[in-house]
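Asks: could you work out the structure for the sequence below:
(chains A and B)
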Amino acid sequence: AQTVTQSQPEMSVQEAETVTLSCTYDTSESDYYLFWYKQPPSRQMILVIRQEAYKQQNATENRFSVNFQKAAKSFSLKISDSQLGDAAMYFCAYRREGETSGSRLTFGEGTQLTVNP
Amino acid sequence: KAGVTQTPRYLIKTRGQQVTLSCSPISGHRSVSWYQQTPGQGLQFLFEYFSETQRNKGNFPGRFSGRQFSNSRSEMNVSTLELGDSALYLCASSWNNNIQYFGAGTRLSVL
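Replies: Numbers count the residues shown, from 1 in each chain, chains lettered A, B, ... in the order given. Here you go, the predicted structure:
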């Protein structure tokens, strides 16, 4: 079974600074997707960034980028120029590729990010 | 395009009762997944429906069931509610196993 581990229950960062959230996963599959979702106090889960395992290039979305290390099964999220609106719970998630696996996501425990003004 | 809509947003039930939650996916999305979120267990996958068929099922007791209609709307039912069923229930829809888009959730409190 696949597992996702986020070892940092809480992180804090100063506004405009950079912070990195860690995530490791365990799988025997070679084709899969990794995601970072953000859950603000409103509880609405919002996709931050997605990485396909077959792509060596790290995904980026504006101020958000990932460091994907497939051999080490590591998938960290870097937030640059942190803003107050980035404060939220961040979840790392895994999805196996393949028609029979469907859309099922396996989530990590989450990291609560605080942004200090 | 409208997002994923979950109703109701809040529910209060007592032990032993049953409850039905509803999820309307984004137009064109045929896959609907359900997740339970609690402080102790985190986010756990309940089940996924695709074209009215259950495609995946998580490790939950048979009290938890679901179905999907021909318009892709999905319902989740929990029978004989227990205190431990108190949680945020999230629904997500996707097109072609692609990115999952989540609704705002239904907060269920069991007294």
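
Asks: how many neighbours does the closest residue to B:R73 other than its chain neighbours have?
Replies: In space, and not counting its chain neighbours, B:R73 is closest to B:S24: 5.0 Å by CB to CB, 6 or more residues apart in numbering or on different chains. All C-beta atoms are positioned from the backbone trio N, CA, C, and that covers glycine. B:S24 has 21 neighbouring residues, counting by other CB atoms under 10 Å in any protein chain shown.

Asks: quick one: contacts for B:S24?
Replies: Residues in contact with B:S24 (CB atoms under 8 Å, 6 or more residues apart in numbering or on different chains) are B:4-7, B:73.

Asks: distance of it from A:D81?
Replies: 36 Å (CB to CB, to the nearest Å).

Asks: one step back: for the contacts of B:S24, which one is nearest B:E52?
Replies: B:R73 (10.4 Å; CB to CB).

Asks: show me where pLDDT drops low in the chain?
Replies: Answering for chain A, as no chain was given. A:99-100 (pLDDT under 70).

Asks: looking at chain B here, not the other one
Replies: If you take pLDDT under 70 as the line, chain B has these spans: B:97.

Asks: can you pull out the strands in it?
Replies: B:5-7, B:10-13, B:19-24, B:31-38, B:42-50, B:53-57, B:64-68, B:74-78, B:87-94, B:101-102, B:106-110 (DSSP state E).

Asks: return the residues of chain B in contact with chain A.
Replies: B:31, B:33, B:35, B:42-43, B:45, B:48, B:50, B:55-56, B:58, B:88, B:90, B:92, B:94, B:97, B:99-105, B:107 (CB under 8 Å from any CB of the partner chain).

Asks: can you pull the contacts of the one residue sitting closest to the centre of chain A?
Replies: For chain A, A:W36 is the residue whose C-alpha lies nearest the centre (CA atoms, centre = their mean; 2.9 Å). Counting by CB under 8 Å, 6+ apart, A:W36 touches A:21, A:23, A:47-49, A:64, A:66, A:77, A:90-93.

Asks: tell me how many other residues crowd the nearest residue to it once chain neighbours are set aside.
Replies: Leaving aside its chain neighbours, A:W36 sits nearest to A:V48 (4.3 Å; criterion: CB to CB, 6+ apart). For A:V48, the count of nearby residues is 20 (other CB under 10 Å).

Asks: and what about A:V48, helix, strand or coil?
Replies: strand (DSSP: H, G, I helix; E, B strand; the rest coil).

Asks: A:R43 and B:A87 touch, don't they?
Replies: No: using CB atoms under 8 Å, A:R43 is not in contact with B:A87, being 11.5 Å away.
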